[in-house]
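**Student:** Task: produce atomic coordinates for the following.
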Amino acid sequence: MEGRSARAALYVVATCALGAAVSPVYTLALRWWPRSPCAGVAAGAAYVALLGAVEVFSVAAVTAYYFECRDSKEEEVVAAHRYRHAKLPNGDA
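**Tutor:** As a prediction, the model looks like this:
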């Protein structure tokens with residue numbers, strides 16, 4: 001795989017793995033915590049916080065990837081324009 005493609009695949013795999021890890025943690029927390037309304041609210045708040053952290057990571061990773069690709073594309077465009085040939089008038093009209 002190319003460097004950029006490998007990084008994109010890594011971002012996707014990391015985000016999916018983090019998202020998949022949150023659900024079992026929440027299930028275990030509900031199973032082991034005492035059965036009280038406060039404990040349920042605390043488990044729900046922790047679950048939302050973990051999912052929020054996964055979402056922040058995902059957005060930050062995709063944003064960084066976007067700007068990295070955009071910067072490299074701009075460098076390619078600048079390099080291509082640097083060697084562009086200009087047509088000179090030769091009197092054939």
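
**Student:** Distance of the residue lying farthest from the centre of the chain relative to S5?
**Tutor:** Relative to the C-alpha centroid of the chain, counting by CA atoms, centre = their mean, G91 is the outermost residue, at 55.2 Å. Applying CB to CB, to the nearest Å, the value for G91 to S5 is 50 Å. All C-beta atoms are positioned from the backbone trio N, CA, C, and that covers glycine.

**Student:** for A17, same thing?
**Tutor:** In terms of CB to CB, A17 sits 18 Å off from S5.

**Student:** How about P24?
**Tutor:** Taken as CB to CB, the span from P24 to S5 is 30 Å.

**Student:** One more: A46?
**Tutor:** 35 Å.

**Student:** What of F67?
**Tutor:** 17 Å.

**Student:** for T27, same thing?
**Tutor:** From T27 to S5 the distance is 34 Å (CB to CB).

**Student:** Run the chain-centre distance for the helix or strand harbouring L51.
**Tutor:** Here L51, judged by DSSP states H and E, is contained in helix 37-82. Between the mean C-alpha location of helix 37-82 and the chain-wide mean there is a distance of 4 Å, by CA atoms, centre = their mean, to the nearest Å.

**Student:** what packs against that helix?
**Tutor:** Counting contacts by 3 or more CB pairs under 8 Å, 6 or more residues apart in numbering; DSSP states H and E, helix 37-82 packs against helix 3-32.

**Student:** buried ones in the helix it packs on?
**Tutor:** R7, A8, Y11, T15, L18, V22, Y26, A29 (16 or more other CB atoms under 10 Å).

**Student:** Who are the contact partners of the fourth one?
**Tutor:** Under the criterion of CB atoms under 8 Å, 6 or more residues apart in numbering, the neighbours of T15 are V54, F57, S58, A61.

**Student:** The last one: what's its closest spatial neighbour, skipping adjacent residues?
**Tutor:** The reference is to A61. Y11 (4.4 Å; CB to CB, 6 or more residues apart in numbering).
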